[in-house]
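J.: 3D, please:
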Amino acid sequence: MVRIKGRNLRKSGGITPPDPSKKVEIKITLNEGFSNPSVDFSVLKYNKKSGFIMAKDDGFVEDYTIGYAYLKGGIAAADGVIYPGVRYTDGAGKAVTYKMTFAFNTATPKTGGAGNDYLTSWAQYKEIIAGGFDLSNHSHAHSGYDKLFQVKENERITFNETGWRHRTFVIPTVDEGYANTAPNLGYLMVGSSFGDPARDDFEGATADTYGVYWGGKLNAGNFRRDKLLFNRLYTGEGNPGDLDAIKDLVNTVITGSQDGAANYIGHWFSHGLKDANSDTFDQWKNLIQYIKNHPGNTDTVWMAGMQEFSEYCEVKDLALKNQTLSGRELVVTLDLSNVSERNRLRDMSLVLKGGTISTITVSGADDFSFNPDSGLINIYKKNPIVSNPANDLLPAKIINVIRSGSSVLITYDKAVTQSVYSNSRGNAYKVSGNSVLGITGSGKNWVINCQNPVSASATMDYRMQRGNAVDGDGLKVCSYIGYPITL
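T.: Purely as a prediction, here's the structure:
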């Protein structure tokens, strides 16, 4: 295997050169004997056959002291043992650490001081990010009726503390409202067990319909990018039955991807990595080793983070690829202008067909690796200036809900239009203990008309998948579940 470090090329004077953060150029000198050479993106990063996404919820300090320490390498707090880390290769000789995604809330401070030292601190999460691991939004407070606030407040705090911008979401418990709200706000993946009511009226996904990808797996070569609801299996914190189900998933994903007809990604999560007797940690370690030593895993499995997987697919879909051949030199230009500034990781894996690599140079990337035998080319690139969520244009939000006899008066922070209060799935608006007859109004002020007087303890729901409230910017109003109605 040969690996050559990339170098950035810059010009000065004359015509302003293309933005190096938006374009990557690959120059391949081909060996003799090529025929119609071209490069194409691999379905999975590093051109692996299959992959897995592991998540850990709730942000306890074991994220850092056990999960990160064991996978990256270090002393695991569960048993005090120094572990070397768990690694595979990028298919071109570069070692890659097994990744894990850590989902957490932000309502409790993460200073690492007395009173909250049971949580992973912001300083530790910064180290986790620097180590190449992913974070995921688990809502601000693990509960709350205002789904827009719950998503964006976690996003805001995490970005301010670490510079990390969430683009994946893990639904807390089986809370309703997030399966629609998170994608509506631009999130690329929503993970959950999707027990009712978390799936927000969605059932199974097909090529033509939104829905949940069940069974803890999907075919990475054929899934809907625009709203990914990805079911996760549960490790059960040491429950033998749950662990056996994960091992069955591992077998299905790896063996089902061997012939190249499909490239499956498996998905599971845990709430804890240890217990009083360290049994959970031992079983979790055994699961990791089960993957690493699986007879079907001949360095052919990608251990990805939620956001790493999502952004790899995003870049692959949106990058504009141009190829020109002159003599033995094949020049490939990758234009990333269409990739969102929210995107952080712009790694790409491509495979050369119709020829073999003699030499290669890359400009506009942070680093690269290649394998002349397989034709694999890995481009490593990060966006150094991810857009700040504070600058996002947000949809209209409900700022006041008041009862008045048999009516509920709703005030939005900006004007909206809407014409539907129910559809085949049910009512968009619901008032607890009452029946909704319709909704009237305009601009910022709307009225829910109910059959009976609204009680003092009543709450209001708005389910965005059943309504069509939209603001002047064309942004859909997000879901509210259990909004307190006041006088």
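J.: look up how far S326 lies from the closest residue to W302 other than its chain neighbours.
T.: If the residues on either side of it in the chain are set aside, W302 comes closest to G51, at 3.5 Å by C-beta to C-beta, 6 or more residues apart in numbering. All C-beta spots, glycine's among them, are computed from the backbone N, C-alpha and C. As judged by C-beta to C-beta, to the nearest Å, G51 and S326 stand 36 Å apart.
J.: neighbour count: those two, which is higher?
T.: Neighbours around G51 and S326, counted as other C-beta atoms under 10 Å, are more numerous at G51. The numbers are 27 against 7.
J.: the strand or helix carrying the more buried one pairs with which strands, parallel or anti?
T.: Secondary structure assignment for G51, by DSSP states H and E: strand 50-57. Within its sheet, strand 50-57 is paired with strand 101-104 (parallel), strand 264-270 (parallel), strand 301-304 (parallel), according to DSSP bridges.
J.: average pLDDT for it?
T.: Regarding strand 50-57, the rounded mean pLDDT is 97.
J.: then stretch 246-264?
T.: Stretch 246-264 comes out at a mean pLDDT of 96.
J.: quick one: buried residues of it?
T.: Residues of stretch 246-264 classed as buried: I246, L249, V250, T252, V253, I254, G256, S257, A262, N263, Y264 (neighbour count, 16 or more other C-beta atoms under 10 Å).
J.: repeat for stretch 348-356
T.: Within stretch 348-356, the residues scored as buried using 16+ other C-beta under 10 Å are M348, S349, L350, V351, L352, G355, T356.
J.: give the contact list for the spatially most central residue of the chain.
T.: With distances taken as C-alpha atoms, centre = their mean, T168 lies nearest the centre of the chain, 3.1 Å away. When contacts are counted by C-beta atoms under 8 Å, 6 or more residues apart in numbering, T168 touches T101, D134, S136, N137, Y187, L188, M189, V190, G191, M306, Q307, S310.
J.: now with 10 Å, please.
T.: Contact analysis of T168 by C-beta atoms under 10 Å, 6 or more residues apart in numbering lists 53, 55, 101, 103, 134-137, 182, 187-191, 228, 230, 305-311.
J.: quick one on the thing from earlier: my read is that the residue nearest to W302 contacts A262, right?
T.: No: applying C-beta atoms under 10 Å as the test, G51 and A262 come out as separate, 11.9 Å apart.
J.: need the overlap of contacts for these two.
T.: The contact lists of G51 and A262 share V43, A220, V253, where a contact means C-beta under 10 Å, 6+ apart.
J.: which SS state does the first one fall under?
T.: Under the three-state scheme (DSSP: H, G, I helix; E, B strand; the rest coil), the conformation of V43 reads as coil.
J.: and stretch 230-249, which residues are buried?
T.: Counting neighbours by 16+ other C-beta under 10 Å, stretch 230-249 gives 230-238, 242-243, 245-246, 249 as buried.
J.: cool, stretch 70-79 as well?
T.: Quick answer for stretch 70-79 (16+ other C-beta under 10 Å): Y70, L71, K72, G73, G74, A76, A77, A78.
J.: now the fourth one: closest residue in space that isn't a chain neighbour?
T.: Just to be clear, that refers to G73. In space, G73 is closest to G85, 3.1 Å off (C-beta to C-beta, 6+ apart).
J.: burial count for the one you found?
T.: Applying other C-beta under 10 Å, we find 14 residues neighbouring G85.
J.: that one: which element?
T.: Going by DSSP H and E, G85 is not in any helix or strand.
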